[in-house]
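Chemist: This is a predicted model, with the sequence first.
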Protein chains: 2
Amino acid sequence: MTKIVVVGGGAAGTGAATIAIQHDRSLSVTLLTEFEDIAYSPCGIPYVFGREIEKFDGLFMQTPDFYKEMGLDVRPCTVVTRIDMGERVVYAGEEKFPFDKLIIATGWEYDPPDVPGTDLGGVEYIKNIRRAMELDKQLDQVKRAVVYKAKPLGLELISALPHRGIETHLVDEAPWLLSDFADPDMMKPVQDSLEEMGVKLHLGTKLLGFKGQNSRLSAVETSDGEIPAEMAFVATTMKPATALAQSIGCKIGSTGAIVVDDHMRTSVPDVYAAGACVEVMHGLLKIPIQLLPGSYAYPMGKIAGYNAAGGDRPFQEVFVPWGIIGGKVQVGGALISETIAKAMGMPYMVGRATGITAARYYPTHEKMHVKLLADPKTHRVLGAQFAGGDGVKERADFMAFAIRKESTLEELATMENVYSPPIGALNEPIALAAQAALRDAAAKK
Amino acid sequence: MTKIVVVGGGAAGTGAATIAIQHDRSLSVTLLTEFEDIAYSPCGIPYVFGREIEKFDGLFMQTPDFYKEMGLDVRPCTVVTRIDMGERVVYAGEEKFPFDKLIIATGWEYDPPDVPGTDLGGVEYIKNIRRAMELDKQLDQVKRAVVYKAKPLGLELISALPHRGIETHLVDEAPWLLSDFADPDMMKPVQDSLEEMGVKLHLGTKLLGFKGQNSRLSAVETSDGEIPAEMAFVATTMKPATALAQSIGCKIGSTGAIVVDDHMRTSVPDVYAAGACVEVMHGLLKIPIQLLPGSYAYPMGKIAGYNAAGGDRPFQEVFVPWGIIGGKVQVGGALISETIAKAMGMPYMVGRATGITAARYYPTHEKMHVKLLADPKTHRVLGAQFAGGDGVKERADFMAFAIRKESTLEELATMENVYSPPIGALNEPIALAAQAALRDAAAKK
């Protein structure tokens, strides 16, 4: 009987194990996780904090028993201590898990800031759901909170905490929100919305340390002064968790993550990897990128599990649609942004427009700001960003697909669109932005 | 000075005249309309009836003066009586409007049902906005209303009237809603929603006539019995208004509408046409279709105006995204539907899935039913239909574009998507439907 062992019980690991046993019921599939639970949605945590989701219950999708009934051997609270590739055995202390194929889905870990006071009570990281449940209770006593870094999780947290009546501060050395990939002009409406909600944005501000009293946080020290707070969320850089993979000689790439081919195979025979611990190829940049949004962990895991179980299915290059609500504004897009194009030294042209999400005369219509990036020679679209009302997620998905299909500004400028007063305006904002880009280009000639 | 005369003040005519003068300020551009107003949105009328839009004011986009200031010679209440192609003059009674280029944008007219009683007071057609404003006042006195035919306007009306406390009946000989192009399975959620709102759906029911007392409607006679009502909306077939075009010899096509080339030129030199009076080529069917949704009138008009003014811009073949709210359910898609594929004898395969519009644990998530049609050999996507919560319009636009780009089920099955709890689920419903289609196809082999 062929034995598959999966290390990691997040979306990638669960996806891999599930698809493997579904593909071939005769396999022995074991899923090891250091945590008590598998298959929960950590992405929901900020929304419970903000009480948009009432309780944590819904975030647990399935119990370990559900997977056991499916035929998986699920081992919670199992910390892998070493892997012996000669014996083909995964060790968790004394316990031995022999394998023919191994799938590494060890995910990511925080890279804590190198400042004093990170060990104080009240200096918190969001990852494990049980810890988050304890924090949720503590939040009732919190009057002031600081969130460090406006990456997606940080942005979700500062959008959520004001709903609990908590004075919320953001500290980030970067000059704008989501500065790793989004553009400052497109994040401006989000910034305005957060400030309207009362969030204090300390941008361009360095974190200097955490100050405490009786081992509990009392204030956060920054280049902008001291911010008194009872809780601080360190929503800092996540790095791929590659220690196990490195211990058995898996090749690590330029991003610091595990190198896999399009079948999710590592450089070590019979060892697959998936999720936040691997790097994948960007379809336009043609360079590996890493720590993709959580949406990739599950499909990536399924590819790894399917192939480990004897299947043959490739993972596509990625164009990375993204979307989030910051404050009360939806923002999103599909890479590449102007920020990334500049950093990469790529030539680009820009098209901008502000459309609306329903008929001008329909009362619920909202603005939809659009920014398109295209190649100045071929007019091939390179990226899109949106900020405004409803429909950002669907437009981001659309644009990621359009970029993959090598679409041009001319094609987007003449796209057809639904016009129905409550759900769609006469002019689709994406088409308006493409038309604007072409008009500007014609005027320059 | 080159003279352009535009006949018709709807979206196509207004778009044509506006773009012509903007393209070349030295032109003389005259816009003739039989109505008092130009540039209003008749599409908003049902929503004012239902009080989702408070008043009619917002539906008037611009006054005739606005266009006069732009340099257009706008002539409201001007009924064209004949066109002399020898003299190159449009006549409105005694008035003469000489032209070098003529643009016909005469739109559509109702094809009234051949039953007794259509001349009774209370038997109404929705077209002119001033008439609609009078009807809106009368609706306060209406207790029971009948809508004849569940085409898009009829569907909007039966969704709106219950909000006014009116007992609302639909009569249609077809067995399902939007039967011309939508599929019965996809219209089922709409039907359920309307019935929940109290709308009485008399489907598969023939209209026999209108019965009156003192020249006012008292009941609608149907094959299903008599329905007492104070008002009946005849939302019946619209036909292209082609009398003027025919009088000067413009070629009429198989659909009964004016034939134009991709530059909106009719068969008569220097005569262009645009809007609901023309037929255009469907990108997949490769046959002309007609009476497209209102969203096409404006862009079509702009192409006609631009080319008449000396420009050179083609109109694309169409793939027709559509969307509407029926009851409380959003429905839409991009042609071709199963209904049309069957009627045309086209081979097809189907993929179905029901996804959700936000994370499963996020309280506002709603169902999203998806049905995809594809070519069984090439897997090229032929059409899509959606029914459910938010995001139908954006998905319909996406699918029309994807069909134009000759996308396959394989490409949609591996599309990337945003996952963000309040705005997007882990799995995009479109991808789920494509995956289902491929799974079914593999199982049959």
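Modeler: Looks like it came in fine.
Chemist: which residues touch the residue in the stretch 1-150 of chain A positioned nearest to chain B?
Modeler: Across the stretch 1-150 of chain A, no residue is closer to chain B than A:G58, which sits at 3.4 Å (CB to the nearest CB). C-betas here are computed from N, CA, C, even on glycine. Counting by CB atoms under 8 Å, 6 or more residues apart in numbering or on different chains, A:G58 touches A:G44, B:R360, B:Y361.
Chemist: Contacts for stretch A:110-122, please.
Modeler: Identification of contacts with stretch A:110-122 by CB under 8 Å, 6+ apart yields A:123, A:125, A:127, A:148, A:207-212, A:215-217, A:229-232, A:234, A:236-239.
Chemist: Tell me where chain A is predicted with low confidence.
Modeler: Within chain A, no stretch has pLDDT under 70.
Chemist: coming back round to it: buried only: go through the contacts of A:G58 for me.
Modeler: A:G44, B:Y361 (16 or more other CB atoms under 10 Å in any protein chain shown).
Chemist: would JSON lines of the contacts of A:G58 with distance to B:M133 and secondary structure be doable?
Modeler: Formatted as JSON lines, those follow (distance: CB to CB, whole Å; DSSP: H, G, I helix; E, B strand; the rest coil):
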{"residue": "A:G44", "distance to B:M133": "49", "secondary structure": "helix"}
{"residue": "B:R360", "distance to B:M133": "46", "secondary structure": "coil"}
{"residue": "B:Y361", "distance to B:M133": "47", "secondary structure": "coil"}
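Chemist: Can you tell me which of the contacts of A:G58 is closest to A:R313?
Modeler: Of all the contacts of A:G58, B:R360 has the smallest distance to A:R313: 25.2 Å, by CB to CB.
Chemist: Not counting sequence-adjacent ones, nearest residue to that closest one?
Modeler: Nearest non-adjacent residue to B:R360, counting by CB to CB, 6 or more residues apart in numbering or on different chains: B:A425, 6.7 Å away.
Chemist: Any idea how many residues pack against the one you found?
Modeler: Neighbourhood size, B:A425 [other CB atoms under 10 Å in any protein chain shown]: 23.
Chemist: so what's the backbone phi/psi at it?
Modeler: phi -80, psi 170 (degrees, to the nearest 10).
Chemist: hang on, the earlier thing: among the contacts of stretch A:110-122, name the ones in helices.
Modeler: Among these, DSSP state H puts none in helices.
Chemist: and these, which are buried?
Modeler: Using 16+ other CB under 10 Å as the burial test, the contacts of stretch A:110-122 include A:123, A:125, A:127, A:148, A:207-212, A:217, A:229-232, A:234, A:236, A:238-239 as buried.
Chemist: Show me what the top helix by length along chain A is packed against.
Modeler: If you go by DSSP H, chain A has its longest helix at helix A:429-444. The contact analysis (3 or more CB pairs under 8 Å, 6 or more residues apart in numbering or on different chains; DSSP states H and E) places helix A:429-444 against strand A:349-356, strand A:367-374, strand A:381-388, helix A:392-404, helix A:409-413.
Chemist: Is it possible to get TSV of the ones you listed that adds distance to chain B?
Modeler: TSV is the format used below for the helices and strands packed on helix A:429-444 (distance: least, CB to the nearest CB, whole Å):
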stretch	distance to chain B
strand A:349-356	12
strand A:367-374	10
strand A:381-388	11
helix A:392-404	3
helix A:409-413	8
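Chemist: Tabulate those (JSON lines), appending mean neighbour count.
Modeler: Shown next, in JSON lines, are the helices and strands packed on helix A:429-444 (neighbours: other CB atoms under 10 Å in any protein chain shown):
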{"stretch": "strand A:349-356", "mean neighbour count": "19"}
{"stretch": "strand A:367-374", "mean neighbour count": "24"}
{"stretch": "strand A:381-388", "mean neighbour count": "27"}
{"stretch": "helix A:392-404", "mean neighbour count": "27"}
{"stretch": "helix A:409-413", "mean neighbour count": "21"}
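Chemist: Helices along chain A, start to end?
Modeler: Along chain A, the segments classed as helices by DSSP H run A:11-23, A:45-49, A:64-70, A:129-138, A:152-160, A:184-196, A:243-247, A:297-308, A:338-344, A:392-404, A:409-413, A:429-444.
Chemist: Let's have the ones you listed in TSV, adding distance to B:G310.
Modeler: Shown next, in TSV, are these (distance: least, CB to CB, whole Å):
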stretch	distance to B:G310
helix A:11-23	58
helix A:45-49	56
helix A:64-70	69
helix A:129-138	65
helix A:152-160	50
helix A:184-196	37
helix A:243-247	65
helix A:297-308	52
helix A:338-344	36
helix A:392-404	32
helix A:409-413	20
helix A:429-444	16
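Chemist: Perfect, that will be all.
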